[in-house]
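S.K.: Return a 3D structure for these sequence lines:
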Amino acid sequence: MYYGGYLHLNKILDAQYPVSFEKGNEPAHDEMLFIVIHQAYELWFKQILFELDYAMKIFAQEKINDNSEDLNLVRHRLHRVISIMQLLNQQVHILDTMTPLDFLEFRNLLTPSSGFQSKQFRLIEAKLGLEIDKRHHKEYYKRTNEGGFTKEDFTTINDTEEQKNLLQLVNDWLERMPFFTDAYWKQYQPAANASITSHPFWSDYRKVYQTGLTERESNKLADFDYVFFENPIEGYTTEQLEGLRSNFSPAALRAALFIMLYRDFPVFQTSYQILDSLIEIDHLMSNWRHKHLIMVRRMIGMRVGTGNTSGAGYLEGALSKHYVYRDLSGLSTYLIERKKLPKLPEELIKNLGFNPLLVSPR
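M.R.: You can find the predicted model right below:
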């Protein structure tokens, strides 16, 4: 085994072909940087997809035992995705060493290719759970004409979008949480009267949440009822309800909030870190889009993108709309003070430690 042979460096290092260096063109020095940066991005995209595929394989199981290595490895590999995305955000600064005039020396030679055509980035978005109908200018994603995808890439992206994504798999996993079954709550003494929640814990939690709202926040109780229990809200417009509607089911959101509230219990620590990792990945994707937007504005102002998109205008819309795990990060809206958390029944507490005889696989 030889270093260069193992890494196939002859293929990798011989894969940079600046168009401006071709016969008849004026060589543009910074085109080499432009190519290397984007090839490096694609290599890291490949690794991100590799890690996401592992996480999806685990969450696709019908039951996941908290005492197995599965969830711990998912947490570890999602943390790796976070580290990679932090690096990708930093990599933009290297591209920023190229000035707008440097870019103009070869920009027109790239038409109609565009970073929009990165199949791997579209697959990352699709696997994370970004649905086509929620994309900004969704018509951009369904074209194979000039500036669109090749038919092969188009088919691959479509096939991926039709499969269950990570968000849906995590939703299923959260819905299977066994901690609200009646067996654990027989000895629980509720402090609040029964409410629309139909569960003693959530009735108590809702009451504590209500007492912690200021006068200006009073409408948040109606939001709470709608988000977690689909209770209709009178007087809300369709747009307001759409803003509250979640990609996760109410049962999944209740489980996610419960994990966040009681994450100090051993059995919830890994689950909480997985949810937190998904939120962080979403934020880093947003940071990447923001850095990309700023870079494009600096390079070409408000000119049309090489792939026939609206350029910076498209990127600005994608930045505001392409959140996947906004519903998880939004759970902080419904937190209460730690000292006011309802005390859990002993029967449930027994099942929140690392005891293989007590913990129910989910």
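S.K.: Could you give the number of residues near residue 72?
M.R.: The number of residues packed near residue 72 is 15, by other CB atoms under 10 Å. (Each C-beta comes from the backbone N, C-alpha and C, glycine too.)
S.K.: ok, for it, nearest residue in space, not its chain neighbours?
M.R.: With CB to CB, 6 or more residues apart in numbering as the criterion, residue 72 has its nearest non-adjacent residue at 5.8 Å, and that residue is residue 270.
S.K.: again, but for residue 41
M.R.: With CB to CB, 6+ apart as the measure, residue 88 is the residue that lies nearest to residue 41, at 6.4 Å, once sequence neighbours are left out.
S.K.: Report the separation between that neighbour and residue 218.
M.R.: From residue 88 over to residue 218 the distance is 42 Å, taken as CB to CB, to the nearest Å.
S.K.: neighbour-wise, which of the two wins?
M.R.: residue 88 (19 against 10).
S.K.: So which elements touch the particular helix or strand that has that one in it?
M.R.: Here residue 88 is covered by helix 70-95, with elements defined by DSSP states H and E. Helix 70-95 makes packing contacts with helix 31-59, helix 266-300 when contacts are defined by 3 or more CB pairs under 8 Å, 6 or more residues apart in numbering; DSSP states H and E.
S.K.: What helices and strands are in contact with the shortest one?
M.R.: Packed against helix 31-59 by the contact rule (3+ CB pairs under 8 Å, 6+ apart) you find helix 70-95, helix 119-128, helix 166-175.
S.K.: Mind putting those into CSV with distance to residue 108?
M.R.: Supplementary listing: these in CSV, determined by distance: least, CB to CB, whole Å:
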stretch, distance to residue 108
helix 70-95, 18
helix 119-128, 23
helix 166-175, 39
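S.K.: can I get those in JSON lines with distance to residue 200 and mean pLDDT?
M.R.: As requested, the helices and strands packed on helix 31-59 are exported to JSON lines (distance: least, CB to CB, whole Å; pLDDT from 0 to 100):
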{"stretch": "helix 70-95", "distance to residue 200": "28", "mean pLDDT": "96"}
{"stretch": "helix 119-128", "distance to residue 200": "36", "mean pLDDT": "95"}
{"stretch": "helix 166-175", "distance to residue 200": "20", "mean pLDDT": "97"}
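S.K.: Which stretch among the ones you listed approaches residue 344 most closely?
M.R.: Residue 344 lies closest, by CB to CB, to one member of the helices and strands packed on helix 31-59: helix 166-175, at 18.3 Å.
S.K.: roughly how far out does that closest one sit from the chain middle?
M.R.: A distance of 13 Å separates the C-alpha centroid of helix 166-175 from that of its chain, computed with CA atoms, centre = their mean, to the nearest Å.
S.K.: what's downstream of it, the next helix or strand?
M.R.: Going down the chain from helix 166-175, the next helix or strand is helix 200-211, by DSSP H and E.
S.K.: just the CA coordinates of that following helix, formatted as CSV?
M.R.: As requested, the backbone C-alpha atoms of helix 200-211 are provided in CSV (Å, rounded to 0.1, in the frame of the first residue of the first chain):
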residue,chain,number,x,y,z
PRO,A,200,-52.4,14.8,34.4
PHE,A,201,-48.8,15.8,33.7
TRP,A,202,-49.7,18.1,30.8
SER,A,203,-52.6,19.6,32.8
ASP,A,204,-50.2,20.6,35.5
TYR,A,205,-47.6,21.7,33.1
ARG,A,206,-50.1,23.9,31.2
LYS,A,207,-51.2,25.5,34.4
VAL,A,208,-47.6,26.4,35.4
TYR,A,209,-46.9,27.7,31.9
GLN,A,210,-50.0,29.9,32.0
THR,A,211,-49.0,31.4,35.4
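S.K.: What are the phi and psi values at the closest residue to residue 241 other than its chain neighbours?
M.R.: The shortest distance from residue 241 to any non-neighbouring residue, by CB to CB, 6+ apart, is to residue 233 (6.9 Å). Backbone torsions for residue 233, taken as degrees, to the nearest 10, come to phi -110, psi 120.
S.K.: ok, now how distant is residue 233 from residue 342?
M.R.: With distances taken as CB to CB, residue 233 is found 25 Å from residue 342.
S.K.: go on, residue 42?
M.R.: Per CB to CB, residue 42 is found 49 Å from residue 342.
S.K.: higher neighbour count, those two?
M.R.: The neighbour comparison of residue 42 against residue 342 (other CB under 10 Å) goes to residue 342, with 20 against 12.
S.K.: show me what contacts the more buried one?
M.R.: 191, 201, 204, 205, 208 (CB atoms under 8 Å, 6 or more residues apart in numbering).
S.K.: Tally up the residues packed near the third one, please.
M.R.: Neighbouring residues of residue 204 were enumerated by other CB under 10 Å; the total is 21.
S.K.: pLDDT-wise, which helix or strand of this protein ranks last?
M.R.: Lowest by mean pLDDT, DSSP states H and E among the helices and strands of the chain is helix 312-321, with a mean of 68.
S.K.: Who are the packing partners of whichever helix or strand comes after that one?
M.R.: Later in the chain than helix 312-321, the nearest helix or strand by DSSP H and E is helix 326-329. Helices and strands in packing contact with helix 326-329 are listed as helix 266-300; criterion 3+ CB pairs under 8 Å, 6+ apart.
S.K.: and with 10 Å instead?
M.R.: Under the contact criterion of 3 or more CB pairs under 10 Å, 6 or more residues apart in numbering; DSSP states H and E, the helices and strands touching helix 326-329 comprise helix 166-175, helix 250-261, helix 266-300.
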